[in-house]
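Undergrad: Have a look at this prediction, sequence included:
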Amino acid sequence: QVQLVESGGGLVQAGGSLRLSCAASGRTFSSTDVSWYRQAPGKEREFVATITWNGGQRYTDSVKGRFTVSRDNAKNTVYLQMNSLKPEDTAIYYCNTPTLRRQSSWGQGTQVTVSS
């Protein structure tokens, strides 16, 4: 079964950028959709972006035009490039696949903190 590890979070000022990585181990995930989610303190986990197995992209409205999801199947890694960050983007960011979500299996995530 594939396991996912998120990295790349940190502290950044408003207007700054970060690139998150989601690295897969155990098996390749080139044939599956991969999504990013985030959970802010005291809030429910919410959808951020998806990249489909063939490169299609979807975004939640609040990040459109600022975030870009991409994948490098040779490296078994999915990325989330986040530009023009806002304080409301502060959250723990997770990546996942449909199969792992059905199993309620989530990684530790990576913390993103945007200061005003």
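TA: Arrived safely.
Undergrad: In three-state terms, label A74 for me.
TA: Here A74 is helix, with the state taken from DSSP: H, G, I helix; E, B strand; the rest coil.
Undergrad: An error on my part: the question was meant for E44.
TA: coil.
Undergrad: Show the contacting residues for it.
TA: Taking CB atoms under 8 Å, 6 or more residues apart in numbering, we find E44 in contact with no residue. Every residue, glycine included, has its C-beta placed from N, CA and C.
Undergrad: That one and R38, how far apart?
TA: According to CB to CB, to the nearest Å, E44 and R38 sit 10 Å apart.
Undergrad: again with L18
TA: In terms of CB to CB, L18 sits 12 Å off from R38.
Undergrad: Could I get the contacting residues of the residue nearest the centre of the chain?
TA: Central residue of the chain (CA atoms, centre = their mean): W36, 3.2 Å from the mean position. By CB under 8 Å, 6+ apart, W36 lies in contact with 20, 22, 47-50, 69, 78, 80, 93-95.
Undergrad: can we see that at 7 Å?
TA: W36 sits next to 48-49, 69, 80, 93, 95 when contact means CB atoms under 7 Å, 6 or more residues apart in numbering.
Undergrad: So between L18 and R38, which is more surrounded?
TA: Per other CB atoms under 10 Å, whichever of L18 and R38 has more neighbours is R38, with 23 against 20.
Undergrad: For the protein, which segments count as strands?
TA: Assigned by DSSP state E, the chain shows strands spanning 3-7, 10-13, 18-25, 34-39, 46-51, 57-59, 67-72, 77-82, 91-96, 110-115.
Undergrad: Tabulate those in CSV, adding columns for distance to Q103 and mean pLDDT.
TA: Formatted as CSV, the strands of the chain follow (distance: least, CB to CB, whole Å; pLDDT from 0 to 100):
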stretch, distance to Q103, mean pLDDT
strand 3-7, 12, 94
strand 10-13, 29, 98
strand 18-25, 15, 95
strand 34-39, 14, 98
strand 46-51, 18, 98
strand 57-59, 22, 98
strand 67-72, 21, 97
strand 77-82, 19, 97
strand 91-96, 10, 98
strand 110-115, 21, 98
